[in-house]
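Enquirer: How does the following fold in three dimensions:
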Amino acid sequence: MTLRFALAAALATGSAGASAATLAVGGNGAYATLTEAARDTKAGDTIVLAPGLYEGARFHADGLTIRAAADALPGSVVVGGEAVGGKGLFVISGDDATITGLTFEGARAADGNGAGIRAEGCNLTVTDTRFIGNEMGILANSVDGSVLTVRRSRFTETASRAPDRVGHAVYANGIARLVVTGSTFERGARGHYIKSRALDTRITGNRIDDTNGSASYLIDLPEGGAATIADNLLVKGPRPDNCCTAIAYGFEMQKGGSYANPPGPVRVYGNRFVNRAPGTVTFFANRSAPANTGTLSDNEMIAERGRVVAATGNATVNGKAAPASHFSDAAAFAEMALKPPMSGIFALLGFGLAGIIVGRRKPATQR
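Expert: Numbers count the residues shown, from 1 in each chain. As a prediction, the model looks like this:
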């Protein structure tokens, strides 16, 4: 009987896979609009978009792939207009969706939270996609066990139009994991480039550059949790909405309850941080409660303006305890930690001759 049931399940799975369809939208495709295609999709289908400008849509089916046509040039498949249902250009309630090669532009909503993509289901992967001038780039609802993955994508000019709102390029609410890798963030206003309430946040190999923006934190993990922030280029711009912090960890945990993720390893290593803001800027500020220690190593810091403090709160920096999060102590620590500039590094980075480096690279074994 067990073998019979196994064979039946295998046949059913094969039939489901065979029924998956490809729906062509735009150009010579069978569908003129995304809404028409979304209406006909079933689990496992693929929607392919020809170059053109499209209005947004809501997607319910599980396992959808929505991608640009193979011959579409980067940036030639654009989704714009008003947010669907006051939420986003794409509102995805199905599970296990994949978005590839699209551009989301100008999303806006009455509440100031218009997202390029609003993720309401479990698991979303976004690859090689651009987000330009949206109020939110990707906004993921709280879904237990969900993973949001963003690869090789670009977020620029994220800003809410509502005076009492702020726009974040990537905002993950209460999900299991956020993974952001190989992506670029720039020209944000007032909000944070990456804000994550996930149990586990992994931000690696990205460029987050606020030189021409006025964002607040570069990275905000308000409820703590596990975190890996590694091998990124992080630039605090000269006109930040928040003067003094680059990476904020655990800033809302004092509220208790749902605002506190379980503790997990917090590793911040191999990053290059450039400060272009006046005054003293803390690279990693830890206010977790209960305390969850962050471990910093192999980070390179350059103060083109002002001063840089490696860490405050519960943290170790290259094996040594960081100072308490008292501003005067932090300033004193900065004075002790400042190193002479290394001209070779500045030539490599192209940041000019002026600068101060805080910290030196350590062997990989200390990560």
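
Enquirer: residue contacts, Pro290?
Expert: With contact set as Cβ atoms under 8 Å, 6 or more residues apart in numbering, Pro290 has these partners: 253, 260, 263. No exception for glycine: its C-beta is placed from N, CA and C like everyone else's.

Enquirer: which one among those gets closest to Gly205?
Expert: Pro263 (25.2 Å; Cβ to Cβ).

Enquirer: Tell me the confidence at that closest one?
Expert: Pro263 carries a pLDDT value of 96.

Enquirer: returning to what we had before: of the contacts of Pro290, which is the most crowded?
Expert: Sorting the contacts of Pro290 by how many neighbours each has (other Cβ atoms under 10 Å) puts Met253 first, at 22 neighbours.

Enquirer: burial count for the closest residue to Gly80 other than its chain neighbours?
Expert: Excluding the flanking residues, the one nearest Gly80 by Cβ to Cβ, 6 or more residues apart in numbering is Glu105, at 4.6 Å. Neighbour count for Glu105, taken as other Cβ under 10 Å: 19.

Enquirer: Look up which residues are beta-bridged to Glu105.
Expert: For Glu105, the beta-bridge partners under DSSP bridges are Ile132.

Enquirer: in terms of contact, does it touch Asn134 like I think?
Expert: Yes - between Glu105 and Asn134 a contact is recorded at 7.1 Å, counting by Cβ atoms under 8 Å.

Enquirer: how near is Glu82 to Cys243?
Expert: Counting by Cβ to Cβ, to the nearest Å, the gap from Glu82 to Cys243 is 35 Å.

Enquirer: can you give me the strands for the stretch 251-367 of the chain?
Expert: 266-269, 272-275, 280-286, 294-297, 300-303, 307-312, 315-317, 320-321, 338-339, 357-358 (DSSP state E, counting those that start in this stretch).

Enquirer: And for the fourth one, what's in contact with it?
Expert: In other words, strand 294-297. By Cβ under 8 Å, 6+ apart, the residues outside strand 294-297 that reach it are 227, 249, 265-269, 283-284, 286, 310-311, 313-319, 322, 362, 366-367.

Enquirer: For Ser76, grab the count of nearby residues.
Expert: 17.

Enquirer: what sits against the nearest residue to it once chain neighbours are set aside?
Expert: In space, and not counting its chain neighbours, Ser76 is closest to Pro51: 3.9 Å by Cβ to Cβ, 6+ apart. Pro51 makes contact with 26-27, 68-69, 72-73, 76-77 under the criterion Cβ under 8 Å, 6+ apart.

Enquirer: Who wins on neighbours among these?
Expert: So for these (other Cβ under 10 Å), the most neighbours sit at Val77, 25 neighbours.

Enquirer: Model confidence score at the closest residue to that residue other than its chain neighbours, please.
Expert: Spatially, and ignoring its direct neighbours in sequence, Val77 is nearest to Ala68 (4.2 Å; Cβ to Cβ, 6+ apart). Listed pLDDT for Ala68 reads 98.

Enquirer: Verify the contact between Ala68 and Val78 for me.
Expert: No - applying Cβ under 8 Å, one finds Ala68 not in contact with Val78, separated by 10.0 Å.

Enquirer: shared neighbours, the two?
Expert: Leu102.

Enquirer: quick one on the thing from earlier: and for Glu105 and Asn134, which residues touch both?
Expert: Listed contacts common to Glu105 and Asn134 are Gly116; contacts here mean Cβ under 8 Å, 6+ apart.

Enquirer: Help me confirm that Ser216 is found in a strand?
Expert: No - Ser216 sits outside any strand when classified using DSSP: H, G, I helix; E, B strand; the rest coil, being coil.
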